[in-house]
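A.B. asks: what shape does this take:
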Amino acid sequence: MPRPLSHIRVLDLSRVLAGPWASQNLADLGAEVIKIERPGVGDDTRSWGPPFLKDAEGRDTNESAYYLSVNRGKKSVTLDISKPEGQRIARELAARCDVLLENYKVGGLAKYGLGYNDVRKINPRIVYCSITGFGQTGPHAHRPGYDFIFQGMGGLMSITGERDDLPGGGPQKVGIAITDVLTGMYAALAITAAIAHRERSGEGQYIDMALLDTIVAFGANQIFNYFVSGKVPGRYGNAHANLVPYEVFTTADGHIILAAGNDGQWESFCKAAGRPELAADARFRTNPDRIRNRKELIPLIRDIMKERNRKDWIERLDAAGVPCGPINDYREVFEDPQVKHRGLRVDMPHPHGSVPTVASPMRFSKTPVEYKLPPPQLGEHTREVLGDLLGLRSEELDRLAAANII
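C.D. replies: This is a model prediction of the structure:
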């Protein structure tokens, strides 16, 4: 069964994280993704190590874990687009693609004759997606920026971290480059929506994705607290602004997350903890009551949670239907029986032996994600793609390689 995007070809001029995350999603959905990389250098993240993938003899290769994490399912073509001949080849590829994805600075590709207005002249049906820090317009459009910057500017760090009045208080970034990942996800969604529009209308279009826009949109539920109340949300550490109890508690031998999302779950927790009187207490009966009396309630729960070990609490609360869970490191994540059952680690054949990857969370009943192409080695598919797609003969490819065009 063909996968959902098996009829789509993507010219991927992006690098690092946000763009490659988007194109990996498209590849997972079946698109043919042609990743353009600088000859001899490649995507910046190829060298972002250690750690690096090891070969069959246990020696480091030049494939970083960072690069491997976002580039499966793609074909690597080396091409120097700073040179006129490289630009010509890139335009010929764009003419034969459905999507062009790039994350150059604003106007960066136009100087190579590869901007949207250039490409749509030769391919009016192109879906052209640009990813930048601040977008194509506005007073900051030409500023550079990284994920960390946008976590701060977009408000995420203002609500992430412990309260200022507690030990360790202060703003914190999220442990992954979440702005990049989310922008890649939104970009993939926008591209597929534009493809759907084109299939109805025959029209291509331009997509302007900005990291700042994305991280602001991501904060919508906290932002609405501000819009509605006029009160600027603050940091609650591991607690929740709108639910109590909904945070991390220390048990007799570790930590556990207790997440009572409604009054029924709160009552079930109290029964499971052997303290049904707390559910009947007027101060704690409803969630608004518990929020108003958070300072009185949380110390009581802390004392209760220390009475049993983590395993005992999880078994007891699971039986009572109360959401809870451990705080796993990544070794523990992949030892979890549910993670194993869902097959969230996939090992793919690779020229160096094998490469692990994290499975896509998209599960289709008719068109499942397939893992056919491992993250490519630099330039691995250059001759295949340029020969098959553009009809370049081996002698011409030899000449281009000698001139460092490919």
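A.B. asks: where does pLDDT dip in the protein?
C.D. replies: For the chain, no stretch is flagged by pLDDT under 70.
A.B. asks: how about 80 then?
C.D. replies: 1 (pLDDT under 80).
A.B. asks: quick one, domains of it?
C.D. replies: Domains of the chain are assigned by automatic domain parsing as 9-218+341-402, 246-327.
A.B. asks: okay, those in JSON lines with mean neighbour count next?
C.D. replies: Backbone N, C-alpha and C define where each C-beta goes, glycine included. Formatted as JSON lines, those follow (neighbours: other C-beta atoms under 10 Å):
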{"stretch": "domain 9-218+341-402", "mean neighbour count": "18"}
{"stretch": "domain 246-327", "mean neighbour count": "16"}
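A.B. asks: could you dump these into TSV with distance to Asn238 added?
C.D. replies: TSV is the format used below for the domains of the chain (distance: least, C-beta to C-beta, whole Å):
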stretch	distance to Asn238
domain 9-218+341-402	8
domain 246-327	4
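A.B. asks: indicate which one of these is closest to Gly234.
C.D. replies: Nearest to Gly234 among these is domain 9-218+341-402; the distance by C-beta to C-beta comes to 6.8 Å.
A.B. asks: surely Lys74 meets Ile34?
C.D. replies: Yes: using C-beta atoms under 8 Å, Lys74 is in contact with Ile34, at 7.4 Å.
A.B. asks: what's the overlap in contacts for those two?
C.D. replies: Residues touching both Lys74 and Ile34 by C-beta atoms under 8 Å, 6 or more residues apart in numbering: Asp12.
A.B. asks: strands along the stretch 201-350 of the chain, start to end?
C.D. replies: For the stretch 201-350 of the chain, applying DSSP state E, counting those that start in this stretch gives strands covering 205-210, 246-250, 255-259, 324-325, 345-350.
A.B. asks: distance to Pro337 added to those, as JSON lines?
C.D. replies: Formatted as JSON lines, the strands of the stretch 201-350 of the chain follow (distance: least, C-beta to C-beta, whole Å):
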{"stretch": "strand 205-210", "distance to Pro337": "38"}
{"stretch": "strand 246-250", "distance to Pro337": "23"}
{"stretch": "strand 255-259", "distance to Pro337": "18"}
{"stretch": "strand 324-325", "distance to Pro337": "13"}
{"stretch": "strand 345-350", "distance to Pro337": "13"}
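A.B. asks: which one of the domains of the chain lies nearest to His240?
C.D. replies: Smallest distance to His240 across those (C-beta to C-beta): 3.8 Å, for domain 246-327.
A.B. asks: that closest one: end-to-end distance?
C.D. replies: For domain 246-327, the first-to-last residue distance is 14 Å (C-alpha to C-alpha, to the nearest Å).
A.B. asks: now swap in stretch 142-157 and tell me
C.D. replies: Start and end residues of stretch 142-157 are separated by 23 Å (C-alpha to C-alpha).
A.B. asks: no further queries at this time; thank you.
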